[in-house]
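A.B. asks: Fold the following for me, if possible:
(chains A and B)
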Amino acid sequence: MKIATFNINGIKARVDALPQWLDEAAPDVVLLQEIKSVDEAFPRDLFEDRGYFVETHGQKSFNGVAILSKLPLEDVERGLPGDEADDQARWIEATVVGKTAVRLCGLYLPNGNPAPGPKYDYKLSWMARMRDRATALLAEEMPVVMAGDYNIIPQAEDAAKPEAWVEDALFRPESRAAFRRILNLGYTEAFRSREPRPGHYSFWDYQAGAWQRNNGIRIDHLLLSPQAADLLNGTGIDKGIRGRDKPSDHVPVWIELDA
DNA sequence: ATGGCTATATGTTATAGA
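C.D. replies: From the prediction side, this is the model:
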């Protein structure tokens, strides 16, 4: 089962590039972030015509997450628990059943800039809530995949110019510690578990020729529960599509699970 | 770099992203 995460930076702007990548990469499941669309405006036909089931958790203008799956999506839940007042669409869950059942969580973690400030406080409180949800999911003792745009640069080797990010919400010590606190529950960061070398990125800014200069950062991740990590057969980043016409500023990151 | 570009809606300018 090939599972990918992809921050598409607006579905309306990606109606050509996203289906093209789907047809080439043929993932079984895709966790999408920043659909920037309400549910009613999401072009689900584009995906249903290709054999995908579609579940969305949309929002006007900003944020918004969705799941595409070639297998039926069961027990869908929308929103990250823990704060009834939080109406930002950044979390969706569902179960797919292949050889075994896998719980999928698609997430768009808050950016948090400028830091310090209220947006940074929101990022850290959101991560504390995510840790609670991650803890509860471990108790299920099943394969769990939490995938999305984490807006976290885990280590210096995950940025081409780490010195430029020292004060940034994506790389500040509190952000990275909150990420490690989730990992330390027992989750495996799939890509880094298979690729120890630096220089692999999932985001290049539109500005300042970041793509041409390979000035990237690795902020899109798939975290695996122990039961999912045992099924991991491979991982990769589809870097090439960043160089095409009208790209997102992120590229897909994927895993192959024996599930 | 004090955001150089992109996307969206609030739309001929503002807001957000990372």
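
A.B. asks: secondary structure element for the spatially most central residue of chain A?
C.D. replies: Residue closest to the mean C-alpha point of chain A, counted by C-alpha atoms, centre = their mean, is A:Gly148 at 0.9 Å. With secondary structure defined by DSSP states H and E, A:Gly148 is part of strand A:144-149.

A.B. asks: The helix or strand following that strand close to DNA strand B?
C.D. replies: Next in sequence after strand A:144-149, counting helices and strands by DSSP H and E, comes helix A:173-183. No. Between helix A:173-183 and DNA strand B, judged by C-beta under 7 Å from any atom of the strand, nothing touches; the nearest distance is 11.2 Å. No exception for glycine: its C-beta is placed from N, CA and C like everyone else's.

A.B. asks: So which elements touch helix A:173-183?
C.D. replies: Here helix A:173-183 is seen to pack against helix A:118-138 when contacts are counted using 3 or more C-beta pairs under 8 Å, 6 or more residues apart in numbering; DSSP states H and E.

A.B. asks: One more pass at 10 Å, please.
C.D. replies: If you count contacts as 3 or more C-beta pairs under 10 Å, 6 or more residues apart in numbering; DSSP states H and E, helix A:173-183 packs onto helix A:118-138, strand A:188-189, strand A:220-224.

A.B. asks: now, of the ones you listed, which is deepest in the fold?
C.D. replies: The highest mean neighbour count among the helices and strands packed on helix A:173-183, using mean count of other C-beta atoms under 10 Å, belongs to strand A:220-224: a mean of 26.

A.B. asks: Do you have the helices of chain A handy? List them.
C.D. replies: Under the criterion DSSP state H, chain A carries helices at the ranges A:17-25, A:45-48, A:118-138, A:173-183, A:190-194, A:226-229.

A.B. asks: hmm, back to that, may I see the helices and strands packed on helix A:173-183 arranged in TSV, with mean pLDDT as well?
C.D. replies: What follows is those, written out as TSV (pLDDT from 0 to 100):
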stretch	mean pLDDT
helix A:118-138	97
strand A:188-189	98
strand A:220-224	98
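
A.B. asks: can you tell me if stretch A:242-249 touches DNA strand B.
C.D. replies: Yes. Counting by C-beta under 7 Å from any atom of the strand, DNA strand B has neighbours in stretch A:242-249: A:Lys246, A:Asp249.

A.B. asks: Next, the distance between the ends of that stretch.
C.D. replies: End-to-end span of stretch A:242-249 (C-alpha to C-alpha, to the nearest Å): 7 Å.

A.B. asks: Get me the contact residues on the stretch 101-250 of chain A for DNA strand B.
C.D. replies: When proximity is defined as C-beta under 7 Å from any atom of the strand, the stretch 101-250 of chain A approaches DNA strand B at A:110-111, A:113, A:119, A:149, A:151, A:168, A:170, A:203, A:205-209, A:217, A:219, A:246, A:249-250.

A.B. asks: Skip the chain neighbours and tell me the closest residue to A:Arg242.
C.D. replies: When the adjacent residues along the chain are set aside, A:Arg242 lies closest to A:Val251, with 5.0 Å between them (C-beta to C-beta, 6 or more residues apart in numbering).

A.B. asks: pretty sure the one you found is touching A:Tyr201, no?
C.D. replies: Yes. The pair formed by A:Val251 and A:Tyr201 meets the contact definition of C-beta atoms under 10 Å, at 8.3 Å.

A.B. asks: Now for those two: what residues contact both?
C.D. replies: Both A:Val251 and A:Tyr201 are in contact with A:Gly216, A:Asp220, A:Ile237, A:Lys239, A:Arg242, where contact means C-beta atoms under 10 Å, 6 or more residues apart in numbering.

A.B. asks: The third one: what's it in contact with?
C.D. replies: For A:Ile237, the set of contacting residues under the criterion of C-beta under 10 Å, 6+ apart consists of A:4, A:191, A:195, A:200-202, A:216, A:218, A:220, A:251-254.
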